[in-house]
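>>> got a structure for you, letters missing:
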């Protein structure tokens, strides 16, 4: 398994050190080195990477702000001289938080965590009827049949199960790609539903149990094909 990665840091010494560390790990492929967070953001959104290794204190846009602004969330390792942002890093579910200076061995440990996460995540869908989702710092195995629907916000996805819900830092785009072949349908920019969980169609809404799910106009034609909505 080889992960694509980029580095973001405004310290030339840190960039050289991280580039050297990455060159010693055959599991990583360095795709870019950036000193400007805005340029890095554009590159990440355009090409997509598996891992971002970044500092927090950056001019114009901080590392925390960058991570929070990305719709599709790559894995992240924070490297910083400050402990003050550990909570923010945890909130954004970064894989590891490295305090400078750190040795190669410590960096390698962080990369191994990413490799472990990547093996089971992004909600890496499969054909065995379950997905793995990272929430509250742990990786949870979720049977697809237990999912009723998903509700997305700018940075988070709320997964409604039969008995509870969980919140994960991910994008609807990722879940749509993973679940579309497993009986799920995008019905709105903010909603994905499990087709077999739909109880009724009522006007421009779907009903799943006590939940009312709006249907977006741009998704109506596909819904007609799948479940006969509007026919």
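That came through fine. What you are looking at is a predicted structure, and each value in this text was computed from that prediction instead of being measured. Numbers count the residues shown, from 1 in each chain.

>>> From here on, just use CA atoms for contacts and neighbour counts.
Noted.

>>> quick one: average pLDDT of the longest helix along the chain?
Using DSSP state H, we find that the single longest helix of the chain is helix 104-120. Mean pLDDT, computed over helix 104-120, is 81.

>>> Which strands or helices does it pack on?
Here helix 104-120 touches strand 96-99, going by 3 or more CA pairs under 8 Å, 6 or more residues apart in numbering; DSSP states H and E.

>>> Show me what counts as buried in the strand it packs on.
96, 97, 98 (16 or more other CA atoms under 10 Å).

>>> What of stretch 131-142?
Applying 16+ other CA under 10 Å to stretch 131-142 flags 131, 132, 133, 134, 140, 142 as buried.

>>> Next, the distance between the ends of it.
Stretch 131-142 has an end-to-end distance of 5 Å (CA to CA, to the nearest Å).

>>> Give me the distance from that stretch to the chain's centre.
12 Å (CA atoms, centre = their mean, to the nearest Å).

>>> Which of the buried residues of stretch 131-142 sits closest to residue 103?
Residue 103 lies nearest to residue 134 out of the buried residues of stretch 131-142, by CA to CA, at 27.5 Å.

>>> So in terms of bridging, what pairs with that closest one?
Bridge pairing for residue 134 (DSSP bridges) gives the partners residue 139.

>>> now do residue 96
Assessed by DSSP bridges, residue 96 has beta-bridge partners residue 77.

>>> give the contact list for residue 19.
7, 30 (CA atoms under 8 Å, 6 or more residues apart in numbering).

>>> now the buried residues of strand 96-99 as a markdown table including distance to residue 10?
Conversion of the buried residues of strand 96-99 to a markdown table gives the following (distance: CA to CA, whole Å):
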| residue | distance to residue 10 |
| --- | --- |
| 96 | 20 |
| 97 | 18 |
| 98 | 16 |
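
>>> Take these and write them to TSV, including distance to residue 156 and pLDDT.
Output for the buried residues of strand 96-99, formatted as TSV (distance: CA to CA, whole Å; pLDDT from 0 to 100):
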residue	distance to residue 156	pLDDT
96	20	85
97	21	86
98	25	91
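
>>> does residue 72 sit in a helix, a strand or a coil?
With DSSP: H, G, I helix; E, B strand; the rest coil as the basis, residue 72 sits in coil.

>>> change the start of the numbering to 577 and stick with it
Got it, the first residue is 577 from now on, which makes the last one we talked about residue 648.

>>> Could you count how many residues lie near the nearest residue to it once chain neighbours are set aside?
With sequence-adjacent residues excluded and distances taken as CA to CA, 6 or more residues apart in numbering, residue 648 is closest to residue 747, at 5.5 Å. Residues lying near residue 747 (other CA atoms under 10 Å) number 20.

>>> rewinding a little: what is the nearest of the buried residues of stretch 707-718 to residue 655?
Closest approach to residue 655 among the buried residues of stretch 707-718 (CA to CA): residue 710, at 21.3 Å.
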